[in-house]
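> have a look; sequence and predicted model below, questions after that.
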Amino acid sequence: MTQSSLAVSADGAAWVLLNASPDLRMQLLGAPSLRPRGLRDTPVAAVVLTNADVDHIAGLLTLREKTAFDLHATPEVLATLAANAVFDVLDAGLVRRCPMALDTPFEPAPGLRITPFAVPGKVALYLEGARPDLGEIGERTVGLMIEDAAARLAYVPGCAALPDWLVERLGGADLLFFDGTVWEDDDMPRTGTGDRTGARMGHVPMQGPAGSLARLAALPARTRKVYIHINNTNPVLQPAGPERALLARAGWEVAHDGMEVTL
């Protein structure tokens with residue numbers, strides 16, 4: 001299963017990538033609407049980053065082939081990119097770096113409005129100090145509310161907690177793509193695949209009283225709920241497993257490669 005990137009469009013012609021995962025090339029080749037239309041011509045009009053995690057920025061290097069697009073991120077995330085010269089392969093004459101401000105909408109493509117908002121999270125692993133804040137709220141981790149004339153989509157691929165104010169905000173979406181990294185906080189230590197808990201990685205678990213299943217159960221019935229950014233240790237990836245059945249009963253779906261949604 002490929003990693004956490006989505007593509008959105010209001011008109012089916014100009015597309016906006018939400019994050020640029022390491023396997024972006026494979027994702028683009030698998031989506032006919034995102035393939036190049038000619039020499040140095042691409043339907044990708046913009047990329048919007050929600051944080052500076054490697055899972056969300058490494059794919060930018062795939063987009064270095066002299067094609068123009070706008071790169072939107074918070075000033076702090078743009079500063080992280082600027083501090084690493086490898087991202088200078090994105091030609092500054094073709095790729096505009098556009099700072100986005102929290103709670104301030106912008107239009108990265110015709111008919112599409114995006115508003116970034118802070119969610120609890122932490123700095124990317126490679127930027128951590130000795131004692132990282134595991135629930136900080138600011139420019140380092142954001143969610144996106146994406147709107148066109150017909151509908152509203154919330155995209156939150158990384159989130160460390162679900163306070164009441166965030167649950168209320170997500171309730172305004174017609175479709176929610178939400179962080180599904182771990183089933184329980186100790187997925188990785190328990191399975192012997194790593195020593196970090198979900199909390200240590202900045203991800204809220206699905207299970208438990210403070211987990212996303214419980215905290216988001218009160219969202220309006222009209223809100224379609226889809227888990228994304230799922231770690232390979234998470235048992236919900238087993239289609240016939242009891243965890244997947246529990247999600248279905250709770251009204252959740254699990255995203256898959258090639259998934260298309262029309263609102």
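Noted; the coordinates are in hand.

> how about the contacts made by residue 87?
Residue 87 is in contact with 57, 60-61, 81, counting by C-beta atoms under 8 Å, 6 or more residues apart in numbering. In this view, the C-beta of every residue, glycine as well, is placed from N, C-alpha and C.

> let's see it at 6 Å
Neighbour list for residue 87: residue 81 [criterion: C-beta atoms under 6 Å, 6 or more residues apart in numbering].

> now swap in residue 171 and tell me
Taking C-beta under 6 Å, 6+ apart, one finds 219-220 in contact with residue 171.

> rerun that using 10 Å as the cut-off
154, 216, 218-220, 222-223 (C-beta atoms under 10 Å, 6 or more residues apart in numbering).

> kindly report the same for residue 160.
Residue 160 neighbours (C-beta under 10 Å, 6+ apart): 119-122, 133-137, 141, 179, 198-204.

> can I get the contacts of residue 171 in a markdown table including neighbour count?
Formatted as a markdown table, the contacts of residue 171 follow (neighbours: other C-beta atoms under 10 Å):
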| residue | neighbour count |
| --- | --- |
| 154 | 24 |
| 216 | 22 |
| 218 | 9 |
| 219 | 20 |
| 220 | 10 |
| 222 | 9 |
| 223 | 17 |
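
> same list, the residues you listed, but as JSON lines with pLDDT and secondary structure please.
JSON lines is the format used below for the contacts of residue 171 (pLDDT from 0 to 100; DSSP: H, G, I helix; E, B strand; the rest coil):
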{"residue": "154", "pLDDT": "98", "secondary structure": "strand"}
{"residue": "216", "pLDDT": "98", "secondary structure": "coil"}
{"residue": "218", "pLDDT": "91", "secondary structure": "coil"}
{"residue": "219", "pLDDT": "96", "secondary structure": "coil"}
{"residue": "220", "pLDDT": "96", "secondary structure": "coil"}
{"residue": "222", "pLDDT": "94", "secondary structure": "coil"}
{"residue": "223", "pLDDT": "97", "secondary structure": "coil"}
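
> taking those, tell me the two that lie furthest apart.
Greatest spacing in those, by C-beta to C-beta: 154 and 218 (15.1 Å).

> okay, now the unreliable bits of the stretch 151-263 of the chain?
Across the stretch 151-263 of the chain, nothing is flagged by pLDDT under 70.

> whoops, the stretch 1-150 of the chain was the one
Scanning the stretch 1-150 of the chain with the threshold set as pLDDT under 70 gives 1-2, 40.

> now with 90, please.
Within the stretch 1-150 of the chain, the ranges that satisfy pLDDT under 90 run 1-5, 25-42, 64-67, 123-136.

> how about the strands in it?
Using DSSP state E, counting those that start in this stretch, the strands of the stretch 1-150 of the chain run over residues 6-8, 15-18, 44-48, 69-73, 95-99, 106-109, 112-118, 142-147.

> sounds good, over and out.
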